[in-house]
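Asker: fold the following for me, if possible:
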Amino acid sequence: MASEASRNHGELKLPEDLINTSNFSARGSSEIYGKTKLLNIMFTAELARQFTGTGVTVHALNPGFNVTGLGRELWFAPILERVLKILHIGNPRKGADIIIRLMIDPKYQETTGRYFNVGTGNPIVPVHPGGDKEMQIKLWNDTRLVIHQITQ
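Answerer: Model (predicted):
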């Protein structure tokens with residue numbers, strides 16, 4: 001699961017971003033959220049390469065804006081949720097549509113490691129460094145290293 005919030009990712013630092021457990025403010029949470037979504041896109045691309053030749057396809061997706069309770073700790077969340085429901089915006093069923101299409105529509109099985117948008121189902125070009133193969137490989141390797149360190 002990715003998001004166009006990935007375009008607001010701030011400075012990407014690997015492997016530091018993988019082990020950063022510092023507190024963050026409501027203001028800083030948007031950048032951290034964007035960074036995690038960018039990392040999802042990058043990890044998906046490398047995962048696809050790791051599965052090359054196996055017949056397994058993997059994709060990242062932008063489900064759009066959905067009223068799911070994310071951000072519920074913000075003071076204005078209840079007001080925003082009511083307004084969005086009145087305007088018929090943010091229905092999670094719409095976001096789920098792209099998930100289902102990626103699983104069952106044969107056209108998405110022809111490629112792997114891409115990032116797709118809700119609604120149109122079209123591919124999205126990720127913001128830099130999302131499409132950078134070397135950074136994707138670095139993320140993959142750093143993730144493996146961090147997991148190894150945590151499990152030791």
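Asker: next, the buried residues of the lowest-mean-pLDDT helix or strand in the chain.
Answerer: Between all helices and strands in the chain, the lowest mean by mean pLDDT, DSSP states H and E belongs to helix 77-86, at a mean of 82. Buried positions in helix 77-86, judged by neighbour count with 16 or more other Cβ atoms under 10 Å: residue 81. Placement of C-beta: from N, CA and C, glycine included.
Asker: isn't there a helix covering residue 145?
Answerer: Yes. Looking at residue 145 with DSSP: H, G, I helix; E, B strand; the rest coil, it is inside a helix.
Asker: what's the closest non-adjacent residue to it?
Answerer: Leaving aside its chain neighbours, residue 145 sits nearest to residue 15 (6.7 Å; criterion: Cβ to Cβ, 6 or more residues apart in numbering).
Asker: so what's the one you found up against?
Answerer: Taking Cβ atoms under 8 Å, 6 or more residues apart in numbering as the criterion, residue 15 is in contact with 142, 145-146.
Asker: do the same with residue 130
Answerer: By Cβ under 8 Å, 6+ apart, the residues touching residue 130 are 6, 38, 41-42, 45, 115.
Asker: what subset of the residues you listed is buried?
Answerer: 6, 38, 41-42, 45, 115.
Asker: turn those residues into JSON lines, columns for secondary structure and pLDDT.
Answerer: JSON lines is the format used below for these (DSSP: H, G, I helix; E, B strand; the rest coil; pLDDT from 0 to 100):
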{"residue": "6", "secondary structure": "helix", "pLDDT": "93"}
{"residue": "38", "secondary structure": "helix", "pLDDT": "97"}
{"residue": "41", "secondary structure": "helix", "pLDDT": "97"}
{"residue": "42", "secondary structure": "helix", "pLDDT": "98"}
{"residue": "45", "secondary structure": "helix", "pLDDT": "98"}
{"residue": "115", "secondary structure": "strand", "pLDDT": "96"}
